[in-house]
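# can't give you the sequence, but here's the structure:
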Ligand SMILES: [Zn+2]
């Protein structure tokens, strides 16, 4: 009896790009063993060295987590669909409000389509006006979320961000427009929100969220909207929400797939119930590395705003205990059940995390280039001997006619945008299978977009015995700045 296994986007490089695989197996364990027998490279991503399923990978049979069935012994029946749900990085009851403010005649007109909805009405609109929502990030998810929250009449919107608007943000971050390039995102966000609705009080926090400021920043808010694009901040937001008892309207995006849920409500699960630990650094590429469909954060951020508004109104069925997965390519929504884990280290019955911790360290990021274990295969953590070459030095070596090979570890679609003449394209994920194609007698220069992926590739090549491997610092972006301005930056 063949069972269908749905393969998520981050793991498809290991299944010959297939999004579904059919295999025989009487139990989930048998099925997964069959899967990693067929696709050996997947083994490292699903199992630890001692054969345990990794904690940042969840397995579902239909809409149930196998942790709440019979784990890997869960029997399979005809028609069952097994899903692998890894964590991805790149966004109850009514919120208490005491004597909500009244609406001015202008506000009554502005919100008239809300006021005639029985589920909102005057009481609901006043609750929205009294409410405070904090958006973590004014990027892809924060843009639609903040705009719709503002349009809906949420009285106070906080925005945390320290970034500057870049041209490459405009493909999806609709808070910012072309004239804003180079401005702080906070300034741009405040302008747009107040242009849409001057009644909204916008509170800005020009800082990177961290363990020492998160609790103070979160304290005045009713709902936290997680629009972060990295794991340390995601766990920080989760833990701070649990510790303060504030609901977290969660969303995240990857290429064409999005996730949404509501975490950290009273009695409901938190992000750590789903993913107790983050994946090793580098296993899940960021949006900057992997790309993201521009409208995707529009959908997911709007779902987050919807949930925030429902929490404030205390109406409808919030996305608590449900994990929504959206596939833009297939235009499909799936929903998985989530439960609060009594063993959860932060929201469980006997929590071990009682204050905010060092999340960079927790996520295995020790500063600088994040070339941790598990990037390509676990166990290659040798970054200490990293040696770099600058674009100008590389150009000089090429002009001298040095014997070298440039290995471009980006994806083919990036190679089409800009490249160094003569570079050999081997995407990072294919390096373990294809490194034999590289002449190890030559000096190998690894290159990517900004120098992060190529550092991982260089580290890996050294670990498999390449004697001379250098990393091009700053990647093709710096190459374009310093050597060949005809190569467009992206
Ligand atoms: Zn939890």
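Cool, the structure landed. This one's a predicted model, so the numbers in the text were calculated from it and none came from an experiment.
# pLDDT wise, what is residue 217 at?
pLDDT, residue 217: 97.
# Kindly report the same for residue 281.
Listed pLDDT for residue 281 reads 67.
# Where does the prediction get shaky in the stretch 51-200 of the chain?
89-98 (pLDDT under 70).
# Helices of that one, residue ranges please.
105-110, 112-115, 121-130, 142-152, 185-196 (DSSP state H, counting those that start in this stretch).
# Tabulate those in TSV, adding columns for distance to the ion and mean neighbour count.
To be clear about C-beta, it is placed using only N, CA and C from the backbone, and glycine gets the same treatment. Converted to TSV, those look like this (distance: least, Cβ to the ion, whole Å; neighbours: other Cβ atoms under 10 Å):
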stretch	distance to the ion	mean neighbour count
helix 105-110	38	12
helix 112-115	34	14
helix 121-130	28	20
helix 142-152	23	26
helix 185-196	30	20
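# looking at those, which is closest to residue 304?
helix 142-152 (5.0 Å; Cβ to Cβ).
# quick one: stretch 215-229 to chain centroid distance?
On the basis of Cα atoms, centre = their mean, to the nearest Å, stretch 215-229 sits 17 Å off its chain's mean C-alpha point.
# how close does the closest residue to residue 31 other than its chain neighbours get to residue 450?
Nearest residue to residue 31 in three dimensions, chain neighbours excluded: residue 25, at 3.2 Å (Cβ to Cβ, 6 or more residues apart in numbering). Distance of residue 25 to residue 450, computed by Cβ to Cβ, to the nearest Å: 42 Å.
# Likewise for residue 477?
From residue 477 over to residue 450 the distance is 5 Å, taken as Cβ to Cβ.
# same deal with residue 273?
From residue 273 over to residue 450 (counting by Cβ to Cβ), the distance is 34 Å.
# more crowded one of those two?
Remark: of residue 273 and residue 450, residue 273 carries more neighbours, 26 against 16, as counted by other Cβ atoms under 10 Å.
# mind listing what whatever residue of the stretch 101-250 of the chain ends up closest to the ion touches?
The nearest approach of the stretch 101-250 of the chain to the ion comes at residue 242, 6.6 Å away (Cβ to the ion). Residue 242 is in contact with 264, 270, 272, 346, 347, counting by Cβ atoms under 8 Å, 6 or more residues apart in numbering.
# my read: the fourth one touches residue 238, true?
Yes: A contact is recorded between residue 346 and residue 238 when judged using Cβ atoms under 8 Å, the distance being 7.2 Å.
# joint contacts of the two?
Here residue 346 and residue 238 share the contacting residues 270, 272, scored by Cβ under 8 Å, 6+ apart.
# Between those two, tell me which one has more neighbours.
residue 238 (26 against 23).
# Let me know the secondary structure of the more buried one.
helix (DSSP: H, G, I helix; E, B strand; the rest coil).
# what's it in contact with, if anything?
226, 248, 250, 263, 264, 270, 271, 272, 346.
# Could you tell me what pLDDT the model assigned to it?
What the model reports as pLDDT for residue 238 is 97.
# in what helix or strand does the residue of the stretch 101-250 of the chain closest to the ion lie?
In the assignment (DSSP states H and E), residue 242 maps to helix 231-244.
# Buried by neighbour count: which residues of that helix qualify?
231-243 (16 or more other Cβ atoms under 10 Å).
# Now for those: which two are most distant?
Among the buried residues of helix 231-244, 231 and 243 lie farthest apart (Cβ to Cβ), at 18.3 Å.
# list the contacts for the closest residue to residue 135 other than its chain neighbours?
With Cβ to Cβ, 6+ apart as the criterion, residue 135 has its nearest non-adjacent residue at 4.4 Å, and that residue is residue 142. In this structure, residue 142 makes contact with 91, 135, 136, 159, 161, 173, 175, 189, 225, 227, 301, judged by Cβ under 8 Å, 6+ apart.
# and with 10 Å instead?
Going by Cβ atoms under 10 Å, 6 or more residues apart in numbering, residue 142 touches 91, 135-136, 149, 157, 159-161, 173, 175, 185, 189, 225-228, 251, 297, 301, 304-305.
# Then residue 264?
Contacts of residue 264 by Cβ under 10 Å, 6+ apart are 224, 226, 237-250, 270-273, 320, 340, 346-347.
# List, one by one, the residues from the stretch 301-450 of the chain near the ion.
Proximity of the stretch 301-450 of the chain to the ion is confined to 344, 347 under the rule Cβ under 5 Å from the ion.
# Below-threshold pLDDT in the stretch 301-450 of the chain: ranges please.
365-386.
# In it, mark out all the helices, start to finish.
For the stretch 301-450 of the chain, applying DSSP H, counting those that start in this stretch gives helices covering 359-362, 391-400, 412-417, 431-434.
# Please tabulate those in CSV and include mean neighbour count as additional columns.
What follows is the helices of the stretch 301-450 of the chain, written out as CSV (neighbours: other Cβ atoms under 10 Å):
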stretch, mean neighbour count
helix 359-362, 17
helix 391-400, 15
helix 412-417, 12
helix 431-434, 16
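# With residue 84 as the reference, name the closest of the ones you listed.
Of all those, helix 431-434 comes closest under Cβ to Cβ, at 20.1 Å.
# elements contacting the closest one?
Contact here means 3 or more Cβ pairs under 10 Å, 6 or more residues apart in numbering; DSSP states H and E; on that basis helix 431-434 packs against helix 40-46, helix 452-463.
# switch the cut-off to 8 Å
helix 452-463 (3 or more Cβ pairs under 8 Å, 6 or more residues apart in numbering; DSSP states H and E).
# Domains in this structure, by residue range?
2-86, 105-362, 388-482 (automatic domain parsing).
# Excluding chain neighbours, give the residue nearest to residue 238 in space.
Nearest one to residue 238, counting by Cβ to Cβ, 6+ apart, is residue 271 at 3.9 Å.
# wouldn't that neighbour be in contact with residue 252 here?
No: the pair residue 271 / residue 252 is not scored as a contact, 9.8 Å apart, by Cβ under 8 Å.
# Name the residues contacting each of the two.
Contact criterion Cβ under 8 Å, 6+ apart; residues shared by residue 271 and residue 252: residue 234.
# Now do the residue lying closest to residue 140 once chain neighbours are set aside, the pLDDT please.
Closest residue to residue 140 apart from its sequence neighbours, by Cβ to Cβ, 6+ apart: residue 297 at 3.2 Å. On pLDDT, residue 297 comes in at 97.
# need the contact list for the closest residue to residue 359 other than its chain neighbours.
Distances taken as Cβ to Cβ, 6+ apart place residue 232 nearest to residue 359, at 3.8 Å, with adjacent residues excluded. Residues counted as contacts of residue 232 (Cβ under 8 Å, 6+ apart) are 278, 359, 360, 362, 363, 365.
# Now do the phi/psi pair for the nearest residue to residue 19 once chain neighbours are set aside.
Distances taken as Cβ to Cβ, 6+ apart place residue 7 nearest to residue 19, at 5.5 Å, with adjacent residues excluded. Backbone geometry at residue 7, expressed as degrees, to the nearest 10, gives phi -100, psi 120.
# i'd like the first residue to be 21 from this point on
Will do, 21 is the new start, and the previous item becomes residue 27.
# Tell me, how many residues neighbour residue 27?
Residue 27 has 21 nearby residues by other Cβ under 10 Å.
# I figured it hits residue 37, correct?
No: Residue 27 lies out of contact with residue 37 (Cβ under 8 Å); the separation is 9.1 Å.
# how about the residue in the chain sticking out farthest from the centre, what does it touch?
Most distant from the centre of the chain: residue 420, at 43.0 Å, with distances by Cα atoms, centre = their mean. If a contact means Cβ under 8 Å, 6+ apart, then residue 420 has no contacts.
# Return the distance of it relative to the ion.
Applying Cβ to the ion, to the nearest Å, the value for residue 420 to the ion is 58 Å.
# No more questions from me, cheers.
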